[in-house]
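> model this:
(one chain, ligands or ions: 2)
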Amino acid sequence: MSTDRLFIFDTTLRDGEQAPGFSLRTEQKLRLARQLEALGVDIMEVGFPVASEDDSRAVKLIAQEVREPVVAALGRCVPGDIDLVGDLVRHAARPRIHTFIATSDLHLEHKLRMSREECQRAVASCVAQARDYTDDVEFSAEDAIRSDMDFLCRVVDTAIAAGATTINLPDTVGYSVPSEIAVFFRTVMARVSDADGVVFSAHCHDDLGLAAANSLAAVLAGVRQLECTINGIGERAGNASLEEIVMATRVRRDLLPFDTRIDTTELFRTSQLLTELTGEPVQANKAIVGRNAFAHEAGIHQHGMLRDRRTYEIMSPEDVGVQSTLVLGKHSGRHAVGKRCEELGYELSRSELDRVYRAVIAMADRGKAAADQDLEEILQRTRPD
Ligand code: KIV
Ligand code: ZN
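Numbers count the residues shown, from 1 in each chain. Ligands and ions are numbered 1, 2, ... in the order given. Take a look at the predicted model:
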């Protein structure tokens, strides 16, 4: 398998921001957009302008300020939406219009009350309209995974013929599993005309906790753009998490030999900024960016880690921008406590180490793990002057 380029499409400021508890003010969105640029995303989707005037303002401002990544905004396959999005993203150095319509019968009949033919006509005219604004147009078939395959392929053909350059097929309700989504993408790509002339994209939701796994399975099937969010935020259970996808390609390069432009040392900082701006904490055991993602507390683990980090670490915390990771708690051994003290510059006698160790355990019994600062305090307290 040859190495290939994978485009990272971040939708934290659109799909992520529209989730309850994650709404941001315009200046906060701009701050996050600047950090996403530093992180190295290829495309950032920064709003759904028809939803509110605030969204429109933020899209325009970010389009004016962000220079390196493509700046995209979302609009339905409705003429008014396309004009609005087109008018806002034209301020970007590299603008993209992202337009979508549902293609599953469930959505067409019960949500849109539209026939398949009407849907197909809307796709043809709106994609062509979008191309009058920019030559970078993405088309998404909402609920693609649950759509009839023959009809979906006709819609994709229509979008490509009308000028779409990226075809995104979302698992809108997080229903798929890796083996199924791989077959799904292979089938569509084999059946539509000019599949080689466009970039196929996956957009997976996490309702079954499979969004990152499904995204990577889609890549192995030929997809070259992944839509994802920082900390995996998004509608309901969220979207595929950017940090998980990117680190999977980095750590398992043997199986996923794809290059991204992401500076992984900015991952933790980006995650923290999002948490700071929204006030929504990340779960402690969240992969890559959670507080415990690199914490080793069990004595046997710490002992192994001190000998060779590879015993319990598949990537180094520094790779994702995390600095200090050793947390001393109830399950830490004397060895780990002594080693950390040594690293902090303290040579301890056996009895001094006993006292420090007992203080760490007492602290853990009160429910608190000892970070470096706590250890310094214990050392000051327990050592004779
Ligand atoms: O989940 C979804 O289907 C979407 C599309 C609008 C891209 O977010
Ligand atoms: Zn979505």
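
> residues contacting the residue of the stretch 201-350 of the chain found nearest ligand 1?
Residue of the stretch 201-350 of the chain nearest ligand 1, by C-beta to the nearest ligand atom: H203 (5.2 Å). In this view, the C-beta of every residue, glycine as well, is placed from N, C-alpha and C. Neighbour list for H203: 11, 15, 140, 168-172, 227, 239-240 [criterion: C-beta atoms under 8 Å, 6 or more residues apart in numbering].

> of these, which is the most crowded?
N239 (32 neighbours; other C-beta atoms under 10 Å).

> who is that residue paired with across the strands?
The partner list for N239 in beta bridges (DSSP bridges) reads H205.

> and the protein, which residues reach ligand 1?
15, 100, 140, 142, 170, 172, 203, 205 (C-beta under 6 Å from any ligand atom).

> again, only this time at 8 Å
Residues of the chain lying close to ligand 1 (C-beta under 8 Å from any ligand atom) are 11, 14-15, 74, 98, 100, 102, 140, 142-144, 168, 170-173, 203, 205, 227, 234-235, 239.

> tell me if the residue of the stretch 201-350 of the chain closest to ligand 1 really is in a strand.
Yes. Assessed with DSSP: H, G, I helix; E, B strand; the rest coil, H203 lies in a strand.

> reformat the contacts of H203 as a markdown table; add secondary structure, pLDDT and distance to V219.
Supplementary listing: these in a markdown table, determined by DSSP: H, G, I helix; E, B strand; the rest coil; pLDDT from 0 to 100; distance: C-beta to C-beta, whole Å:
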| residue | secondary structure | pLDDT | distance to V219 |
| --- | --- | --- | --- |
| T11 | coil | 98 | 17 |
| D15 | helix | 98 | 19 |
| S140 | strand | 98 | 17 |
| N168 | strand | 98 | 14 |
| L169 | strand | 99 | 13 |
| P170 | strand | 98 | 15 |
| D171 | strand | 98 | 14 |
| T172 | coil | 98 | 19 |
| E227 | strand | 99 | 12 |
| N239 | strand | 98 | 16 |
| A240 | coil | 98 | 11 |
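
> of those, which is the nearest to E37?
Comparing the contacts of H203 against E37 with C-beta to C-beta places T11 closest, at 14.9 Å.

> so the closest one versus F184, what's the distance?
Distance, T11 to F184, using C-beta to C-beta, to the nearest Å: 20 Å.

> then T275?
34 Å.

> between those two, point out the one with more neighbours.
Remark: of T275 and F184, F184 carries more neighbours, 23 against 16, as counted by other C-beta under 10 Å.

> show me what contacts the more buried one?
144-145, 169, 176, 221.

> closest to ligand 1 out of those?
Ligand 1 has its nearest neighbour among the contacts of F184 in A144, at 7.7 Å by C-beta to the nearest ligand atom.

> so what pLDDT did the closest one get?
In this model, A144 is scored at 98, pLDDT.

> hang on, it packs against P170?
Yes. A144 lies in contact with P170 (C-beta atoms under 8 Å); the separation is 5.6 Å.

> where do the helices of the stretch 201-350 of the chain begin and end?
For the stretch 201-350 of the chain, the helices defined by DSSP state H, counting those that start in this stretch occupy 211-220, 242-251, 267-278, 299-307, 334-343, 350-365.

> rank these by mean pLDDT and give me the bottom one.
helix 299-307 (a mean of 78).

> what residues sit buried inside it?
Neighbour counts over helix 299-307 (16 or more other C-beta atoms under 10 Å) mark 299, 301-306 as buried.

> elements contacting it?
helix 334-343 (3 or more C-beta pairs under 8 Å, 6 or more residues apart in numbering; DSSP states H and E).

> quick one: distance of the worst-scoring helix or strand of the chain on mean pLDDT to the chain centre.
Least confident helix or strand, the chain: helix 299-307 with a mean of 78, by mean pLDDT, DSSP states H and E. Remark: helix 299-307 is offset 31 Å from the chain centroid, using C-alpha atoms, centre = their mean, to the nearest Å.

> what lies in contact with that helix?
Outside helix 299-307, the residues that touch it by C-beta under 8 Å, 6+ apart are 296, 311-313, 326, 331-333, 335-336, 339.

> same check, this time on stretch 259-269
3-8, 35, 38-42, 242-243, 246-247, 249-250, 288-289, 318-322.
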